[in-house]
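Student: pasting the sequence and the predicted coordinates here, then a few questions.
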Amino acid sequence: MNQKRLLMWQKIKTYFIAHFFGFIIMVIGWALSINFIALDRGSFRFAPGGVTERSLFQTPTFIGLGLIIIGAYFPEIWIAIKNRKNKSQP
């Protein structure tokens, strides 16, 4: 009975840690995207055709999107790797 509890606790801990790290990665990606959009929202650049507003689609925005996507799939990949490792052990 005690062995069963220990295995259940390890499983809960693995799932919690994986989803916590995924959430942190998604929050960092979101903050990166939002901060760069907010910082550049009122800025303008001078182009040959006149004054234009900066585009919302910049490198930091795409990096933030990438972090959000990685954070969304990271927990399930982590859990799958952990479960595969546990099955291969006797």
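Tutor: Now that the structure is in, tell me what you want to look at. Every value quoted in this text rests on a predicted model; they were computed, and no experiment measured them.
Student: CA atoms for contacts and neighbours, from now on please.
Tutor: OK.
Student: downstream of the lowest-mean-pLDDT helix or strand in the chain, the next helix or strand is which one?
Tutor: None of the helices or strands of the chain scores lower by mean pLDDT, DSSP states H and E than strand 50-53, at a mean of 62. Once the chain leaves strand 50-53, the next helix or strand it forms, by DSSP states H and E, is helix 59-88.
Student: just how off-centre is that next one within its chain?
Tutor: Relative to the chain's own centre, helix 59-88 is displaced by 8 Å; criterion: CA atoms, centre = their mean, to the nearest Å.
Student: and for stretch 4-22?
Tutor: 19 Å.
Student: and residue 22, what does it touch?
Tutor: 70, 71, 72, 73, 74, 75 (CA atoms under 8 Å, 6 or more residues apart in numbering).
Student: name the nearest of those relative to residue 61.
Tutor: residue 70 (14.3 Å; CA to CA).
Student: wait, that closest one touches residue 25, no?
Tutor: Yes. Under the criterion of CA atoms under 8 Å, residue 70 makes contact with residue 25 at 7.4 Å.
Student: higher neighbour count, those two?
Tutor: A direct count of neighbours by other CA atoms under 10 Å for residue 70 and residue 25 places residue 25 higher, at 21 against 17.
Student: which non-adjacent residue is nearest that one?
Tutor: residue 71 (4.9 Å; CA to CA, 6 or more residues apart in numbering).
Student: quick check: that neighbour vs residue 60, distance?
Tutor: Distance of residue 71 to residue 60, given as CA to CA, to the nearest Å: 16 Å.
Student: who's more crowded, the two?
Tutor: Neighbour totals were compared for residue 71 and residue 60, and residue 71 leads with 23 against 17 (other CA under 10 Å).
Student: correct me, but the more buried one touches residue 28?
Tutor: No. Counting by CA under 8 Å, residue 28 is not a contact partner of residue 71; they are 9.3 Å apart.
Student: which residues do these two both contact?
Tutor: Counting by CA under 8 Å, 6+ apart, no residue touches both residue 71 and residue 28.
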